[in-house]
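Chemist: Sequence unavailable; structure follows:
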């Protein structure tokens, strides 16, 4: 792990309709061009993507600011950012 903070991709969550049984790799570094998901841009950093496996079809709010305490899901932390 690194002491570096992840980049803020955006100050709001990403709503995604997830498919049951499908796994998603959430970008933890904020560098991916395929937000909110990983595209490998974390290579060379201390960050690793977070795997999320959907149990059912539903809308999920993935964190966009990358500062959440409940990765990969939004916990509202973006509301406290400058």
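Modeler: Thanks, I have it. Predicted model, so just to flag it, every value in this text is computed and none were measured. Residues are numbered from 1 along each chain as shown.

Chemist: And the strands in the protein?
Modeler: 14-18, 23-26, 50-53, 58-62 (DSSP state E).

Chemist: tell me the mean pLDDT over the third one?
Modeler: To tie it back to what came earlier, the one meant is strand 50-53. Mean per-residue pLDDT for strand 50-53: 98.

Chemist: returning to what we had before: output the strands of the chain in CSV; the columns should cover mean neighbour count and distance to residue 32.
Modeler: C-beta coordinates here come from the backbone N, C-alpha and C atoms, glycine included. Shown next, in CSV, are those (neighbours: other CB atoms under 10 Å; distance: least, CB to CB, whole Å):
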stretch, mean neighbour count, distance to residue 32
strand 14-18, 15, 11
strand 23-26, 18, 9
strand 50-53, 14, 12
strand 58-62, 15, 12
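
Chemist: Same list (these) but as TSV, adding distance to residue 6.
Modeler: Shown next, in TSV, are those (distance: least, CB to CB, whole Å):
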stretch	distance to residue 6
strand 14-18	15
strand 23-26	11
strand 50-53	11
strand 58-62	13
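
Chemist: To residue 69, which of those lies closest?
Modeler: With CB to CB as the criterion, residue 69 lies closest to strand 50-53 of these, at 12.6 Å.

Chemist: Show me what the closest one is packed against.
Modeler: strand 23-26 (3 or more CB pairs under 8 Å, 6 or more residues apart in numbering; DSSP states H and E).

Chemist: For the strand it packs on, which helices and strands make contact with it?
Modeler: Applying 3+ CB pairs under 8 Å, 6+ apart, we find strand 23-26 packed against strand 50-53.

Chemist: how far out from the middle of the chain is the strand it packs on?
Modeler: Centroid separation between strand 50-53 and its chain, computed with CA atoms, centre = their mean, to the nearest Å, is 9 Å.

Chemist: same question, stretch 67-82
Modeler: With CA atoms, centre = their mean, you get 10 Å for stretch 67-82.
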